[in-house]
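*Asks:* Next come a sequence and a model predicted from it.
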Amino acid sequence: MSLHPKLEAITARIIARSAASRAAYLAGLDAALRDGPFRSRLSCGNLAHGFAACGPTDKSRLRGGVTANLGIITAYNDMLSAHQPFEHYPDILRDTARALSATAQVAGGVPAMCDGVTQGRAGMELSLFSRDVIAQSTAIGLSHDMFDTTVYLGVCDKIVPGLLIGALAFGHLPAVFLPAGPMTPGIPNKQKAEVRERYAAGQATREELLEVEAASYHGAGTCTFYGTANSNQTLLEAMGVQLPGASFVNPGTPLRDALTRHAAERALEITALGDDFRPLGRLINEKAIINAVITLMATGGSTNHTIHWIAVARAAGIVMTWDDMDELSQLIPLLARVYPNGEADVNRFAASGGTAFVFRELIDAGLMHADLVTVVEGGMHQYTQDPTLRDGSLGWIDGITESADLEVVRPVAEPFEAQGGLRLLRGNLGRSLIKLSAVKPQYRTIEAPAVVVDAPQVLNKLHAAGVLPHDFVAVVRYQGPRANGMPELHSLAPLLGLLQNQGRRVALVTDGRLSGASGKFPAAIHLTPEASRGGPLARVREGDIIRLDGEAGILEVLVDAAEFAARELAPNTAPAGHDMGRNLFALNRRLVGPADQGAISISCGPAAADGDIWNYDAEYELGGDAAAAAAPHEAKDA
């Protein structure tokens, strides 16, 4: 089917907007190319250092043979369940390379923190900035110039976006991304959420809560809810840089190992040394970025990606905006309900049809770009297939054409909702995002007094004291990138979910983030400009009436405009701390850009060469005009 005309128009607009920065990026990519293995340009001393620790066969090949060297960037650590399986991947990759008369080396490791461990803790203030550190760490690993192709071992939250940004800085190299797969099902997510809410109400003990948490997060692999980590995997497939159907194959299975071996084979087949060169910087173009956003909307994925994929796009010289995302969300139907948008986990999603079914539906409806060059032959049509093992040999078969479970995935002709999972909110408080797919229609609109706090812990104390109004909008400010690194506020979800269950109308408005596991109550998050940049949120006072209308895309405070503008900016009563390593990120907080421009704290993309990391609109400057700040705008090139 031909491309939907609205999608065609959105694509043309993004291509036109990005023309200069994309051309600069591709020029840099072409300038980095050279004939022969990349290591052949190293001096003898450089090269000897590069292969000194290798065995005889690898050393012989690296000394002078025209063979490809595969660079491995790994986010392995054995505290993260999602990354623990990566421990033995390098052995598999090296053995595969040797069997193909090539070599493979671990180029470097990147940090990988777990947001599940740091939720509500001081360490969460490092979470968003860890993405930028990961990008820089990736660049350091590849800076030795020893490699002709790359693979990336990463799954979770900030890790995949960070790897992508770093990989795009070396976009002249091919790249294949490798997941580890989800853990097998534990107790139902709904049961876990119920115990969390009872604990918040003082009706469950810590021992009972720990037991249910341990039964949910019980083994190796990615957490099974559809948060940022699992959204990462579907978006990588939608861009064609991960093997088809690789996302949700469980760790420690023969199929998982076969996919890992095949990823190494493909990475070695698509180098500049062969006749099928596929550098990452060419593969991730405007259409690939748009496919990722389309998939985010169609599957009800993580709100975090409204920040991350703007940053990823920028790293490839592409300018994506929240307005583009909002327009795509209103075009793309919601085809999946996976927890927290439903009751199914990602294992059930995969069994019900998974990415192959969703991609086929979107492509057949003209709602996805099928003409991408991907890491596999055949382009996006190959991503409508599922991997399988037959007599020990890896192959792909056509995915199912009818949903195996209509409670989990549905066709375009019968979607859960006509529009996608996210909506851009606008009004006199600025611009914000809401994950509508997680909120039942009857809760998507609220008009209630504000309860204003500068730290999420204060809200829990107010509840414990019994002083919260029956209905209210929790305004949690000074949680943006510049204030304290934009921590996730998922620790508020049990409390607000509990109050909503009691028949009270509640909502959250914040310049911070929530989580890939966004709750069932309405939450206007990523509010821009943030309070620390003089955003209107710093003028909201206790008892002000807030109106949040997710369906209409409205977020406003119902206060006379002149009175509101005349108010002083409230001071931050909970400034960023300096323990738990937070002192090391003061420069990141100072340099970080706004959420709607990717919240990047490092130079990123081709326009940063002049040293001007960010070219903010005037309204983002501290103390800027609040009315101007609330007006819709498009991001400028970094």
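*Replies:* Structure's in. What do you need?

*Asks:* Distance check, Gly430 against Ala552.
*Replies:* With the distance defined as Cβ to Cβ, to the nearest Å, Gly430 ends up 16 Å from Ala552. For the C-beta atoms, the positions are set from N, CA and C on the backbone; glycine is no exception.

*Asks:* Between these two, tell me which one has more neighbours.
*Replies:* When neighbours are counted by other Cβ atoms under 10 Å, Gly430 comes out ahead of the other of Gly430 and Ala552, with 28 against 13.

*Asks:* pLDDT wise, what is that one at?
*Replies:* The predicted local confidence for Gly430 comes out at a pLDDT of 97.

*Asks:* Is it correct that it is in contact with Gly535?
*Replies:* Yes. Here Gly430 lies in contact with Gly535, judged by Cβ atoms under 8 Å, at a distance of 5.6 Å.

*Asks:* Let me see the ranges of the strands in the stretch 1-150 of the chain.
*Replies:* In chain order, the stretch 1-150 of the chain shows strands spanning 69-74, 103-109, 149-153, with DSSP state E, counting those that start in this stretch as the criterion.

*Asks:* The shortest one pairs with which strands, parallel or anti?
*Replies:* Take DSSP bridges as the rule and strand 149-153 pairs in its sheet with strand 69-74 (parallel), strand 175-178 (parallel).

*Asks:* Can I get these in a markdown table including mean pLDDT?
*Replies:* Putting those into a markdown table (pLDDT from 0 to 100) gives the following:
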| stretch | mean pLDDT |
| --- | --- |
| strand 69-74 | 98 |
| strand 175-178 | 98 |
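
*Asks:* For Ala315, which of these is the nearest?
*Replies:* Nearest to Ala315 among the strands paired with strand 149-153 is strand 175-178; the distance by Cβ to Cβ comes to 12.6 Å.

*Asks:* Identify the residues contacting the closest one?
*Replies:* Contacts to strand 175-178, defined as Cβ atoms under 8 Å, 6 or more residues apart in numbering, come from residues 89, 149-154, 160, 163, 167, 236, 241-243, 246, 259-260, 263-264, 266-267, 280, 375.

*Asks:* likewise stretch 453-472?
*Replies:* Outside stretch 453-472, the residues touching it (Cβ under 8 Å, 6+ apart) are 120, 446, 448-451, 474-479, 489, 491-492, 495, 499, 504-506, 572-574.

*Asks:* Could I get the buried residue list for it?
*Replies:* By neighbour count, with 16 or more other Cβ atoms under 10 Å as the criterion, the buried positions of stretch 453-472 are 453-456, 458-460, 462-463, 468, 472.

*Asks:* what about the longest strand in this protein?
*Replies:* In the chain, with assignment by DSSP state E, the single longest strand is strand 445-453.

*Asks:* next helix or strand past it?
*Replies:* helix 456-464 (DSSP states H and E).

*Asks:* Next, the angle from that next one to strand 445-453.
*Replies:* Helix 456-464 and strand 445-453 are oriented at 100 degrees to each other (axes from the mean of the first three to the mean of the last three Cα atoms, to 10 degrees).

*Asks:* pLDDT of helix 456-464, averaged?
*Replies:* Computed over helix 456-464, the average pLDDT equals 92.

*Asks:* ok so, going back, adding mean neighbour count and distance to Asp345, write the strands paired with strand 149-153 out as a markdown table.
*Replies:* As requested, those are exported to a markdown table (neighbours: other Cβ atoms under 10 Å; distance: least, Cβ to Cβ, whole Å):
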| stretch | mean neighbour count | distance to Asp345 |
| --- | --- | --- |
| strand 69-74 | 26 | 26 |
| strand 175-178 | 27 | 22 |
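
*Asks:* Of those strands, give the one that comes closest to Ala27.
*Replies:* Nearest to Ala27 among the strands paired with strand 149-153 is strand 175-178 (19.5 Å), distances taken as Cβ to Cβ.

*Asks:* what comes into contact with stretch 544-558?
*Replies:* The set of residues that contact stretch 544-558 without belonging to it, under Cβ under 8 Å, 6+ apart, is 326, 423-430, 432, 434, 436, 439, 441, 444-450, 473, 475, 507, 509, 522, 524, 527, 536, 540, 559, 564.

*Asks:* Show me just the buried residues among the residues you listed.
*Replies:* Neighbour counting with 16+ other Cβ under 10 Å marks 326, 423-430, 432, 434, 436, 439, 444-446, 448-450, 473, 475, 507, 509, 522, 524, 527, 536, 540, 559, 564 as buried within the contacts of stretch 544-558.

*Asks:* The residues you listed in helices, which ones?
*Replies:* Helix and strand membership here follows DSSP state H; of the buried ones among the contacts of stretch 544-558, those in helices are 326, 564.

*Asks:* Mind checking which of the buried ones among the contacts of stretch 544-558 land in strands?
*Replies:* When strands are assigned by DSSP E, the members of those inside them are 423-427, 430, 432, 434, 445-446, 448-450, 473, 475, 507, 509, 524, 527.

*Asks:* quick one, what contacts Thr57?
*Replies:* Thr57 makes contacts with Arg98, as judged by Cβ under 8 Å, 6+ apart.

*Asks:* The one 4 residues further on now?
*Replies:* Taking Cβ under 8 Å, 6+ apart as the contact definition, Arg61 lies against 67, 101-103.

*Asks:* Max pairwise distance over those residues: which two?
*Replies:* Most distant of those, by Cβ to Cβ, are Ser101 and Thr103, 8.9 Å apart.

*Asks:* which residues are in contact with both of these two?
*Replies:* Contact with both Ser101 and Thr103 is made by residues 61, 67, according to Cβ under 8 Å, 6+ apart.

*Asks:* which SS state does Leu372 fall under?
*Replies:* Assigned state for Leu372: coil (three-state reduction, DSSP: H, G, I helix; E, B strand; the rest coil).

*Asks:* how many other residues sit next to it?
*Replies:* Going by other Cβ under 10 Å, the residues that sit close to Leu372 add up to 20.

*Asks:* Find me the pLDDT at it, would you?
*Replies:* Per-residue confidence at Leu372 stands at 97 (pLDDT).

*Asks:* Tell me the spacing between it and Thr234.
*Replies:* Using Cβ to Cβ, one obtains 15 Å as the distance from Leu372 to Thr234.

*Asks:* before we move on, what about Leu492?
*Replies:* Distance from Leu492 to Thr234, counting by Cβ to Cβ: 26 Å.

*Asks:* With Gly166 instead?
*Replies:* Gly166 sits 21 Å away from Thr234 when distances are taken as Cβ to Cβ.

*Asks:* Pull stretch 361-377 out as PDB, backbone CA atoms only.
*Replies:* Output for stretch 361-377, consisting of C-alpha atoms alone and laid out as PDB, is shown next (Å, rounded to 0.1, in the frame of the first residue of the first chain):
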ATOM      1  CA  GLU A 361      -0.200  -4.000  10.100                       C
ATOM      2  CA  LEU A 362       1.500  -0.600   9.900                       C
ATOM      3  CA  ILE A 363       3.200  -1.300   6.600                       C
ATOM      4  CA  ASP A 364       0.100  -2.700   5.000                       C
ATOM      5  CA  ALA A 365      -1.800   0.400   6.100                       C
ATOM      6  CA  GLY A 366       0.800   2.800   4.700                       C
ATOM      7  CA  LEU A 367       1.600   4.000   8.300                       C
ATOM      8  CA  MET A 368       5.300   2.900   8.300                       C
ATOM      9  CA  HIS A 369       8.200   3.400   6.000                       C
ATOM     10  CA  ALA A 370       9.000   0.000   4.500                       C
ATOM     11  CA  ASP A 371      11.800   1.200   2.100                       C
ATOM     12  CA  LEU A 372      14.600   1.400   4.700                       C
ATOM     13  CA  VAL A 373      18.000  -0.200   4.200                       C
ATOM     14  CA  THR A 374      18.400  -2.300   7.300                       C
ATOM     15  CA  VAL A 375      21.200  -4.500   8.800                       C
ATOM     16  CA  VAL A 376      19.500  -7.500   7.000                       C
ATOM     17  CA  GLU A 377      18.600  -7.900   3.400                       C
END
